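# Prediction below, plus the sequence it came from.
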Amino acid sequence: MKLWLLLCLPSLALADCGLQQLSSLTGNWLAQQGQNQITERWLRLSHQSMEGWGQTKNAEGKLKDSEELRLLQMQGEVFYLAKVKHNPLPVAFKLTSCEQNLFVFENQSHDFPKKIEYQLQGPKQLRVKVSDGMEKGFSLNFARQ
């Protein structure tokens, strides 16, 4: 009985994590990385879906990069989908951890990133860490706009 409970604890913790908890990401976010300005915007579409957009502009305001993002809840699980121009199809990351305003999405079969972490550090601060799950990666510190 104890072994069964230990095996089920991670899935029980995720059972309470859905788009309701992630809805605190809704809004416009801004980060500065060197000369680049990065924006991320999230909009709640339904109880099962959020849509996001990300843009990177240089110091002159010229668009350098963009991505389309989506959070989907289906069959009791949450997925983060990222569509970037260098991939022909969106890449899916599964929500693997959700606690204390830290949301971890992973896809170990993707080349990079393998892990995306969103951590709310108060109502107006958001830290996003993009990594290979080990030492390669970067972090962005966003402020709510």
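Arrived safely.

# Show me the helices in this structure, by range?
2-15, 19-22 (DSSP state H).

# Lowest average pLDDT across the ones you listed?
Per-stretch mean pLDDT for the helices of the chain is lowest at helix 2-15 (a mean of 43).

# In contact with Gln73, which residues are there?
18-19, 47-49, 79 (Cβ atoms under 8 Å, 6 or more residues apart in numbering). For every residue, glycine as well, the C-beta is placed using N, CA and C.

# Report how many residues lie close to Leu126.
24 (other Cβ atoms under 10 Å).

# measure it to Asn58 for me?
Separation of Leu126 from Asn58 (Cβ to Cβ, to the nearest Å) stands at 22 Å.

# can you list the weak-confidence ranges in the chain?
1-15 (pLDDT under 70).

# follow-up on the earlier one: and the contacts of Gln73, which is closest to Glu99?
The shortest approach to Glu99 among those belongs to Gly18, at 13.4 Å (Cβ to Cβ).

# Not counting its neighbours along the chain, what's nearest that closest one?
For Gly18, ignoring the flanking residues on the chain, the nearest one in space by Cβ to Cβ, 6 or more residues apart in numbering is Gln73 at 5.3 Å.

# can you check Trp53 too?
Distances taken as Cβ to Cβ, 6+ apart place Arg41 nearest to Trp53, at 5.0 Å, with adjacent residues excluded.

# give the contact list for the one you found.
27-29, 52-54.

# how about CSV for those, with distance to Asn141 and neighbour count added?
CSV is the format used below for these (distance: Cβ to Cβ, whole Å; neighbours: other Cβ atoms under 10 Å):
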residue, distance to Asn141, neighbour count
Gly27, 16, 16
Asn28, 15, 14
Trp29, 10, 22
Gly52, 17, 19
Trp53, 19, 14
Gly54, 15, 19
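
# From those residues, which land in strands?
Using DSSP state E, 27-29, 52-54 are the members of the contacts of Arg41 that sit in strands.

# rewinding a little: what's the PyMOL syntax to select whichever of the contacts of Gln73 are buried?
Buried subset of these, written as a PyMOL selection, criterion 16 or more other Cβ atoms under 10 Å:
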select buried, resi 18+19+79
